[in-house]
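Visitor: Quick one: sequence and predicted model below, then my questions.
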Amino acid sequence: MLMQALAALAVYGFFRRDRRGMPAWRVVAAPLTACAGLAVLIALVCANLDLPTGASDGVNAALIAPLPVLFVAGAALALRIRRRAPGAYERLTTVDAESV
């Protein structure tokens, strides 16, 4: 759910400068509404993790604890690639939607 919320923010960020003729609902309101809804869902799931897992608090903590560490490690890796191999980083972040 966190990745979906970040993807919704990325859509908003991508179209913030150039809406490419798309309506505001599609490139501003919908992604921000989706992100807000997902943020609420993330908070509810984290607060009540024992309901969907049926596990003890220790198991639930073990499920959640690595996530921030892995997120930071992924962000650090992306920044390292951007610094050391800008061409490779650009290829990762460039999509030609017209050719798909």
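Guide: Nice, thanks for sending it over.

Visitor: Distance from the chain centre to the lowest-mean-pLDDT helix or strand in the chain, please.
Guide: Lowest mean confidence among the helices and strands of the chain (mean pLDDT, DSSP states H and E): helix 24, at a mean of 82. The chain centre lies 21 Å from the centre of helix 24; the measure is CA atoms, centre = their mean, to the nearest Å.

Visitor: elements contacting the next helix-or-strand element following it?
Guide: As assigned by DSSP states H and E, the chain's next helix or strand after helix 24 is helix 30-47. With contacts taken as 3 or more CB pairs under 8 Å, 6 or more residues apart in numbering; DSSP states H and E, helix 30-47 sits against helix 2-15. C-beta: built from backbone N, CA, C; applies to glycine.

Visitor: May I have the phi/psi pair for residue 49?
Guide: The phi/psi pair for residue 49 (degrees, to the nearest 10) reads phi -60, psi -20.
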